[in-house]
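K.L.:
pasting the structure only:
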């Protein structure tokens with residue numbers, strides 16, 4: 001029986017949503033589709049971009065946080081097929097982002113020569129700061145003789161191989177080399193780029209640390225191009241957390257110490273390696289007993305020679321995984337090695353809370369939410385005051401307020417001592 005206040009029993013029909021609620025729902029759907037087309041443009045997925053545009057042609061005018069269109073995203077990466085699809089659907093070839101850069105200015109700044117030619121044929125003009133937010137060329141470390149690490153493809157036995165993951169530029173397979181299990185990153189043909197592979201080799205060949213995945217060799221003289229590293233039986237931290245859920249504080253601190261040791265080594269001067277894609281999938285467990293971690297996958301890393309300890313490297317651009325991405329990277333602002341400290345804080349959160357940061361948001365929306373100044377709630381009991389303070393400093397909006405990994409190590413060691421047993 002219904003009361004006079006409009007309350008009712010289970011038989012009454014649900015009230016119709018108001019016009020405001022319907023508008024809000026439409027707005028959420030629009031934002032989600034905007035994120036999708038920007039994401040697919042970023043991922044070089046021309047088919048997905050085309051499908052979205054066929055469903056809604058207005059998405060060709062989608063804009064991100066910095067007013068960049070899908071064509072800006074395609075231009076900066078040199079994704080020709082995506083750009084063609086967007087242009088065929090009447091993308092504004094001279095749209096300007098918040099820095100007043102056109103897609104052509106972005107392509108010129110990134111030296112995407114085929115893209116430059118394509119955009120010019122569609123009437124593209126170069127307005128803006130001409131790639132002011134692009135990275136300088138990384139400084140290449142001295143290399144040993146190539147014969148020290150070039151591996152003959154015939155030496156790699158894939159007869160009982162299996163897919164163990166996907167890296168920044170290819171798939172990773174377990175294989176056998178000279179009787180030893182190894183991990184082989186095989187560069188996918190459509191992403192095969194000798195310069196990218198040589199960049200990763202240039203980094204890996206110089207790295208020697210107990211908490212860094214060990215490089216063993218590469219196949220660079222024949223296709224497919226391949227990178228060979230040690231095989232770690234424990235899998236990656238993402239899978240481990242998926243199976244275990246939240247870790248106890250003692251285990252989380254031990255894991256954090258291993259990651260911080262590897263990162264402190266990478267960040268040591270004068271040749272600072274900025275990982276730029278630090279996330280649970282790129283942290284590997286040495287064995288199934290999960291007592292030792294190593295940082296891996298340097299496909300997005302940059303090696304920068306530092307003149308002064310407080311140098312800010314003039315690097316920007318959307319690099320890495322959205323959910324773990326520092327706000328300054330998402331906003332295409334100048335950044336330095338402290339982007340890795342922000343990502344580390346997100347991993348620390350995930351280990352103690354048992355869920356990915358901003359797990360109720362899509363990755364792109366999570367990055368935007370973090371860039372707007374929001375942070376995940378620290379609810380786990382494991383976040384004792386000292387650990388809570390460290391985490392909050394590591395994900396500070398001002399990168400200059402974030403501690404170095406050497407400082408993080410010192411503080412984690414102290415926290416380990418005071419943890420309740």
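P.N.:
Okay, I see it. Predicted model only: the values in this text are computed from it and were never measured.
K.L.:
Break down the chain into its helices, ranges please.
P.N.:
With DSSP state H, the ranges of helices along the chain come out as 19-42, 46-55, 70-77, 80-88, 103-109, 113-121, 194-204, 237-244, 249-266, 327-330, 338-353, 363-371, 385-394, 405-418.
K.L.:
helices or strands next to the shortest one in the packing?
P.N.:
Using 3 or more C-beta pairs under 8 Å, 6 or more residues apart in numbering; DSSP states H and E as the contact criterion, the elements in contact with helix 327-330 are helix 338-353, helix 363-371. (Each C-beta comes from the backbone N, C-alpha and C, glycine too.)
K.L.:
winner for burial among the ones you listed?
P.N.:
Stretch with highest mean neighbour count among the helices and strands packed on helix 327-330: helix 338-353 (a mean of 25; mean count of other C-beta atoms under 10 Å).
K.L.:
quick one, which of the helices of the chain is nearest to residue 297?
P.N.:
Within the helices of the chain, the stretch nearest residue 297 is helix 194-204; the backing value is 9.1 Å (C-beta to C-beta).
K.L.:
same question for the closest one, mean pLDDT?
P.N.:
Helix 194-204 carries an average pLDDT of 69.
K.L.:
How about stretch 179-188?
P.N.:
Averaging pLDDT along stretch 179-188 yields 87.
K.L.:
what sits up against that stretch?
P.N.:
With contact meaning C-beta atoms under 8 Å, 6 or more residues apart in numbering, stretch 179-188 is reached by 156, 158, 161, 164, 167, 169-176, 193, 196-197, 213, 216, 224-232.
K.L.:
same thing but 7 Å
P.N.:
Applying C-beta atoms under 7 Å, 6 or more residues apart in numbering, the contact partners of stretch 179-188 are 156, 164, 167, 169-176, 197, 216, 224-231.
K.L.:
So residue 298 sits against residue 202, correct?
P.N.:
No: Residue 298 is not in contact with residue 202 according to C-beta atoms under 7 Å; the separation is 9.8 Å.
K.L.:
of the two, who's got more company?
P.N.:
Neighbour count, other C-beta atoms under 10 Å: between residue 298 and residue 202, residue 298 has more, with 29 against 18.
K.L.:
What is the burial count for the residue lying closest to that one once chain neighbours are set aside?
P.N.:
Leaving aside its chain neighbours, residue 298 sits nearest to residue 203 (5.0 Å; criterion: C-beta to C-beta, 6 or more residues apart in numbering). When counting by other C-beta under 10 Å, one arrives at 21 neighbours for residue 203.
K.L.:
Ok, residue 327 next?
P.N.:
By other C-beta under 10 Å, 22 other residues sit near residue 327.
K.L.:
if I pick it, what's in contact with it?
P.N.:
Going by C-beta under 7 Å, 6+ apart, residue 327 touches 370-371, 397.
K.L.:
and with 8 Å instead?
P.N.:
Going by C-beta under 8 Å, 6+ apart, residue 327 touches 342, 370-371, 373, 397.
K.L.:
contacting residues for residue 87?
P.N.:
Applying C-beta under 8 Å, 6+ apart, we find residue 87 in contact with 71, 93, 118, 122.
K.L.:
you'd agree the second one is up against residue 71?
P.N.:
Put plainly, it is residue 93. Yes: judged on C-beta atoms under 8 Å, residue 93 makes contact with residue 71 at a distance of 7.0 Å.
K.L.:
Overlap in contacts, the two.
P.N.:
Common contact partners of residue 93 and residue 71 (C-beta under 8 Å, 6+ apart): 87, 103.
K.L.:
Show me the shaky parts of the stretch 51-200 of the chain.
P.N.:
65, 128-147, 167-169, 188-197, 199-200 (pLDDT under 70).
K.L.:
can you map out the strands along it?
P.N.:
Ranges of strands within the stretch 51-200 of the chain are 156-166, 170-177, 180-187, based on DSSP state E, counting those that start in this stretch.
K.L.:
Figure out which of those strands is closest to residue 209.
P.N.:
Taking C-beta to C-beta, strand 180-187 is the member of the strands of the stretch 51-200 of the chain nearest to residue 209, at 17.1 Å.
K.L.:
what comes up buried for that closest one?
P.N.:
If you call a residue buried by 16 or more other C-beta atoms under 10 Å, then strand 180-187 has these buried ones: 182-187.
K.L.:
which one of the residues you listed sits closest to residue 336?
P.N.:
Using C-beta to C-beta, the buried residues of strand 180-187 come closest to residue 336 at residue 185, 27.1 Å.
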